[in-house]
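Asks: A predicted structure for the sequence below; I have some questions about it.
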Amino acid sequence: MSTTAPAVPAALQEWRARREEALAAPHGVLAQVGLHWILADGASHRPDGVPGTWRRTAEGLTVTWESEELTLLTEDPAAVQVERTGETSTVRVLPGGDVRLVSFGDDVQVDVIPRGDRIGLRVLDPQAPRRTGFEGVPVFPYDPDAVLRGTFTPRAAEVEVGSVLPWLTSTLPSPGVVTLDVDGEAVELVVTGRSTLIVTDQTSGAESADWRQVEARIDGESVEVDLNRALNFPSAFSVWATCPRPPAGNHLPLAVRAGERRVEPTAR
């Protein structure tokens, strides 16, 4: 009997290459080196290692800096309001989503990220050891049998989930649920976004990350989920992440030894 490992499909190899290229981007997940929360107290803050004076009031977040301290990365009027007086720049960040706002030093960049009732500054350094030493994400061996099939039921809803941060919850849109055949058992899972399944399984927190995500291929009522494409969230790599947890009940009652393995998150 042959013990030769099954060949990894070319499409999966190409997909993995794109995944690792994105992770290793100069200001991608692996470049995260800090996360500072700006208090809503109206006081001025100068976070460690981040230039500028940051202040949060009822009107939002502003940052002021002199001359060459910071470089503004966006002047999109939908995202920021900019004032310049001589060598002083003041920027107010408008309410909305994440904004890649400024850079300093050797192309260190800062994202402004609203989360719940807080606003954070996420710092991204291309020279982070986690990024410069990156040699790929450990993965389980390819398993051609790690494909689940089932049905999709439209059931539009808003789903509240927790996160890697104990104080943070968020609401994710859900188009419906999938019912997968798992060793003859019907397992119902909530879909979030367009087609994402955020799940745990019997390897979670040990051989694999605390939870992972995988895209469901939804074609009308039919669903196919290739667990070889199960991905770690940023929180699997970095202690500075804010990733959502799975919706309640999104658990696969089997050991999914396919897709990305566990890595140890680090601060740098």
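Replies: That came through, no problem.

Asks: Within the helices and strands, which one has residue 194?
Replies: Using DSSP states H and E, residue 194 maps to neither a helix nor a strand.

Asks: my guess is it meets residue 175, correct?
Replies: Yes: assessed by CB atoms under 8 Å, residue 194 is found in contact with residue 175 at 6.8 Å. Glycine gets a C-beta too; all of them are placed from N, C-alpha and C.

Asks: more neighbours, the two?
Replies: Of the pair residue 194 and residue 175, residue 175 is the one with more neighbours under other CB atoms under 10 Å, namely 17 against 10.

Asks: is it fair to say the more buried one lies in a strand?
Replies: Yes: per DSSP: H, G, I helix; E, B strand; the rest coil, residue 175 lies within a strand segment.

Asks: Tell me who's in contact with the most centrally placed residue in the chain.
Replies: Taking CA atoms, centre = their mean, the centroid of the chain lies closest to residue 234, which sits 4.5 Å from it. Contact analysis of residue 234 by CB atoms under 8 Å, 6 or more residues apart in numbering lists 29, 32, 241, 243.

Asks: Sort out for me which of the residues you listed are in strands.
Replies: Of the contacts of residue 234, the ones assigned to strands by DSSP state E are residue 32.

Asks: circling back to that earlier point, any figure for the gap between the residue nearest to the centre of the chain and residue 212?
Replies: Distance, residue 234 to residue 212, by CB to CB, to the nearest Å: 12 Å.

Asks: before we move on, what about residue 119?
Replies: According to CB to CB, residue 119 stands 28 Å off from residue 212.

Asks: of those two, who's got more company?
Replies: Higher neighbour count among residue 119 and residue 212: residue 212, with 27 against 20, using other CB under 10 Å.

Asks: for the more buried one, which residues make a bridge with it?
Replies: Applying DSSP bridges to residue 212 yields these beta-bridge partners: residue 199, residue 232.

Asks: my guess is it meets residue 231, correct?
Replies: Yes: in this structure, residue 212 is within contact of residue 231 by CB under 8 Å, at 6.0 Å.

Asks: shaky segments in this structure?
Replies: Along the chain, the model assigns pLDDT under 70 to residues 1-3.

Asks: can you tell me which helix in it is longest?
Replies: Looking across the chain with DSSP state H, the single longest helix is helix 10-23.

Asks: List the buried residues in that helix.
Replies: 16, 19, 23 (16 or more other CB atoms under 10 Å).
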